[in-house]
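Colleague: Kindly return the folded structure for what I paste below:
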Amino acid sequence: MSPFFAMSLLFVLTFGQTASLCAPSEYIIHVEKRECAYCLAINTTICAGFCMTRDSNGKKLLLRSALSQNVCTYKDMLYQTALIPGCPRHIVPYYSYPVAVSCKCGKCNTDYSDCVHEKVRTNYCTKPQK
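Modeller: Down below sits the predicted model:
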């Protein structure tokens, strides 16, 4: 292994995470309940972006701790609650959602994140917006 390659590899492993582009990003959630008359568009922030991932093809050359499959995930978050308009009295008209305060590259935590990439997700209203 050439000295230049070794130093480049060491640099990427050491400082790769600081060059990642994982940050809070604006996002609109469309929320509706079947029993309510309206759809609510909520402006929030989610964690999105690129995180340095180390390919496992080099696993014979690197220590196991140097291999990682990181995702852009929440570092700090808070929850806010919105009122969905047009709901009958017997329906709870509240919807709570996470707001990303800061993000990090790390392992996906299934306690508060969906770690599976779905084929198609719909994020639109079928009812009038209010």
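Colleague: Please name the nearest non-neighbouring residue to Thr53.
Modeller: Gln69 (5.7 Å; C-beta to C-beta, 6 or more residues apart in numbering). The way it works is simple: take the backbone N, C-alpha and C, and place the C-beta from them, glycine included.
Colleague: Neighbours of the one you found, how many?
Modeller: The local packing of Gln69 (other C-beta atoms under 10 Å) involves 11 other residues.
Colleague: Distance check, it against Cys36.
Modeller: For Gln69, the distance to Cys36 under the criterion C-beta to C-beta, to the nearest Å works out to 40 Å.
Colleague: Next: Tyr95.
Modeller: 10 Å.
Colleague: Which residues are in contact with each of the two?
Modeller: Taking C-beta atoms under 8 Å, 6 or more residues apart in numbering as the contact definition, Tyr95 and Cys36 share the neighbouring residues Ile84.
Colleague: quick one: the helices in this structure?
Modeller: With DSSP state H applied, the chain shows helices at 3-15, listed in chain order.
Colleague: Okay, strands next: where are they in it?
Modeller: In the chain, strands defined by DSSP state E lie at 21-32, 39-50, 71-83, 94-106, listed in chain order.
Colleague: That's all I had, so thanks and see you.
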